[in-house]
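Asker: Structure of the sequence below:
(chains A, B, C and D)
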Amino acid sequence: MKHLNLLILGGIVVILSIVFGIATIKVTGKYRFERSASEMLERVNTRSQYLGISKAKDLTQNDTVTFIDIRTPKEFDGYHIENAQNIPFDRLLDDEHIEFLKNDQMKVLYGSTSVGSNAAWMILTQYGYDNLYVLDGGVQDWISEVETKDIFRDAPVTDEAAKFKFTEVMNPETN
Amino acid sequence: MNTRVILSIILISFGSIAAILPKQKTSSVQLDADDLLREIRLETNLVSTDELADLLINLDPGLMLIDVRDSVAYSKYHLPGAINIPLNQLLDEKWMPYIDQVSKNNIFYSNGTTLSSEAWILTRQLGFKNNYVLYGGLNRWFETIIKPSQPGSMATSVEIDRFNKRKAASLYFTGSSGASDMNSAPALPPVPRKKKKRVAGGCS
Amino acid sequence: MGPLVPLQNISNELNLLIAFVIGLGFGIALEQAGFSSSRKLAGMFYGYDATVLKVFFTAAMTAMLGLIFLNFVGLIDLDIVYVNEYYVYSAIVGGIIMGAGFIIGGFCPGTSFTAAAIGKIDAMWFILGSMIGIFIFGETFVFWKDLYMSGYQGAIKISDVIGIRDGYFALLLILVATLMFWVAEMAEKKFKREDITKEI
Amino acid sequence: MKEKLRQPKPYMNPYLAGILLGLVLLASFYLTGRGLGASGATRSVVIGAVTSITPEHAESSGYFSKYLGDNQMKTWLVLEIAGVIIGGFLSGAWAGRLKIRVEHSPGISKRKRIYMASLGGLLFGFGSQLGRGCTSGAALTGMSVMSMAGFVTMMAIFGTAFVLAYFFRKNWI
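Answerer: Model (predicted):
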């Protein structure tokens, strides 16, 4: 019979370890992405997340839209779009912002360039949040476009626009 | 109640639970949101145009340039030796051995940094390694390497030294030899052998 | 997230230390089960002692259920865990030769090491014999090369072959094993050999 | 009382020993991703010996050259088998079963038993290379990961042993 209680003890240990496993996985699995990479690729290809500076300009008056500045608090204090909220890039997934990011309000991410805010948009969207947009162009473009010249360009300032006529530049004759 | 009966009861109960459990597709290799966030902030995946110029001039064998723009832009102009994987085809099966491998260092590039960093984020999230992004893309490549701007009179020796290096690189890339192999699309390199993920084991 | 060595890229030395500790557990489990006695091992084929059957299948089921539960809670990635590759003909022919070796020699490689460790000289001869057998295989490999490489099916699982889910196969195996345990205990009573079981 | 002490302890209940072995196997999967093994270690020892005695011969032979890379004595399986030997010794010492002897059925002589053991070993060594693993490497590990190779090898081993049992009953009962 001595072995019997050893067997039961073994059984209890196994059950405990499984419960422990379930408990730990709940904590560690917290940041698992909900959307698959291919789903994200389709969204990225539509380029629908980009918001031109002219459209964004009108939204600053609209209070149902919140601008999110992902730069550091110091840069944020230096200059930021009026009534924008500052969530630095590495704080985006913190618990305190979950409620805010979850609400169905329209939110526009912006940073010093559109690359950082675009990366933030990809992570948050793949993580499961919706109605997030990316300001096309960073704070420099906003300042030069909106604050100083006060003219509203329609064409987006996307950094993907080719600044050079690559082919001509390459031909030795025209150099 | 001998041990056999007790054991059978325990095993059958666990077995019936196991029968209804869904098979968890835990690809441990995939990154979670916080890992990806941390890696992006470290910016270890960015390659500067100067670094790329050195790699190209030294004909670094481990380098693989991947142009993520569409095929039209690629045929008009692409960096020497670059292959074309348009972003919308990035996760196609045929490109898997190129973007999920450990033998070469891939550098994604496009006109700017947006498309290439999107490509990088998608591949990194799937756990693929050895992928990098050309910071500034072709625009910056042209601003710095092909047509470097003359540093001001107050420039430090470092800036002057860098300008000369860039000037030399510009000649290398725009000289007659450089221009000719530019538009001939290179033959697709051999498919790099993908490391078997499964652990070796057993007695074989 | 297991398995740790490949995923957390643990150093080779630590991996070898893990191998040694696992070997310790393996040796203790084998010796405690009585596998260090060839007559106890052979008992399964003559009915008087079905220890091999009980220990083997209980161990296989415990590990199988363990893997299923660990996978479910996401603590192990089964795509990385090694699954033996299936070469049809060499598995069968190799198994037949090993079966003959088992009934003649009374040991299998693992149990022979355990038996040798507690002083069984016949186990030491068994180990020597297996070394010679491996050497002969190496020397005459050219004859068996095509048999050795033929019939490659990849690392397929039984659940794929039958076409049921892993969990169902585990339950099926448990039911079959429970039946076998019952039959084995019946056989132990029927083919009782007091003289042998008392001695070993 | 002294006599009582000399009496070796009884074997553990087979089901409990099975669970213990199963947990060791599970630990091996969780820690290293691979199961247990034994015949691979014997092969490494053989290859280690062959390469040290006649290195050129080792390179030339088709089978051994496959394993020539790293130092054969520092491989996973050899360390594991070192653990098995010491684990077996400790468990034998604890249970009082340490005794230098030849265990054989009364029906046969020591000499015959040793012949049989070496012949059995030879067959097992040969078969384990052909079948890519023995009862612990291919059969037990294979069964726990539900591999077809493990299942077939196990059926072949136990099946053949059962069939041939009648012809070798003189050695055992």
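Asker: rest of the way, CA atoms for contacts and neighbours
Answerer: Fine.
Asker: quick one, what contacts the most centrally placed residue in chain C?
Answerer: Geometric centre of chain C, nearest residue: C:F56, 7.0 Å, by C-alpha atoms, centre = their mean. By C-alpha atoms under 8 Å, 6 or more residues apart in numbering or on different chains, the contact set of C:F56 is D:G18, D:L140.
Asker: Tell me which helix or strand it sits in.
Answerer: Element membership of C:F56, judged by DSSP states H and E, is helix C:51-72.
Asker: and the helix or strand just after that helix, what does it pack onto?
Answerer: The helix or strand immediately downstream of helix C:51-72 is helix C:88-105, counting by DSSP H and E. Contacts defined by 3 or more C-alpha pairs under 8 Å, 6 or more residues apart in numbering or on different chains; DSSP states H and E place helix C:88-105 against helix C:141-149, helix D:110-130, helix D:148-165.
Asker: winner for burial among the ones you listed?
Answerer: For the helices and strands packed on helix C:88-105, average neighbour numbers computed from mean count of other C-alpha atoms under 10 Å in any protein chain shown are highest in helix D:110-130, which has a mean of 26.
Asker: Could you measure from the residue nearest to the centre of chain C over to chain A?
Answerer: Using C-alpha to the nearest C-alpha, to the nearest Å, one obtains 17 Å as the distance from C:F56 to chain A.
Asker: Could you do D:K99 as well?
Answerer: 26 Å.
Asker: show me what contacts the closest residue to that residue other than its chain neighbours?
Answerer: Residue nearest to D:K99 in three dimensions, not counting chain neighbours: C:G119, with 5.4 Å by C-alpha to C-alpha, 6 or more residues apart in numbering or on different chains. Going by C-alpha under 8 Å, 6+ apart, C:G119 touches D:L98, D:K99, D:I100, D:R101.
Asker: D:Q72 too?
Answerer: D:S44, D:V45, D:I47, D:G48.
Asker: on that earlier part again, which stretch among the helices and strands packed on helix C:88-105 comes nearest A:Y50?
Answerer: Across the helices and strands packed on helix C:88-105, A:Y50 has its closest neighbour in helix D:148-165 (52.1 Å, C-alpha to C-alpha).
Asker: Check which helices and strands the closest one sits against.
Answerer: Helix D:148-165 sits against helix C:38-46, helix C:88-105, helix C:158-162, helix D:141-144, with contacts defined as 3+ C-alpha pairs under 8 Å, 6+ apart.
Asker: so where do the helices sit in chain D?
Answerer: Ranges of helices in chain D, per DSSP state H, are D:2-6, D:14-32, D:39-53, D:55-60, D:76-95, D:110-130, D:141-144, D:148-165, D:169-172.
Asker: One more: chain A?
Answerer: Here chain A has its helices, by DSSP H, at A:2-28, A:37-46, A:53-59, A:73-78, A:98-102, A:114-127, A:139-142, A:166-170.
Asker: residues making contact with the fourth one?
Answerer: Taking C-alpha under 8 Å, 6+ apart as the criterion, the residues outside helix A:73-78 that touch it are A:D69, A:N86, A:P88.
Asker: picking up where we left off before, could you check the angle the helix holding C:F56 makes with helix D:148-165?
Answerer: Here the directions of helix C:51-72 and helix D:148-165 differ by 170 degrees (axes from the mean of the first three to the mean of the last three C-alpha atoms, to 10 degrees).
Asker: list the contacts for the residue nearest the centre of chain D?
Answerer: When C-alpha atoms, centre = their mean is applied to chain D, the residue found nearest the centroid is D:A38 (5.0 Å). Contacts for D:A38 (C-alpha under 8 Å, 6+ apart) come out as B:C203, C:P109, C:G110, D:L77, D:I81, D:G133, D:C134, D:S136, D:G137.
Asker: Ok, B:L90 next?
Answerer: Contact partners of B:L90, counting by C-alpha under 8 Å, 6+ apart, are B:A119.
Asker: hmm, try it at 10 Å
Answerer: A:S38, A:L41, B:V68, B:N84, B:M96, B:Y98, B:I99, B:A119, B:L122, B:T123 (C-alpha atoms under 10 Å, 6 or more residues apart in numbering or on different chains).
Asker: Show me which pair in these is furthest apart.
Answerer: Within the contacts of B:L90, A:S38 and B:N84 form the most distant pair, 18.9 Å apart (C-alpha to C-alpha).
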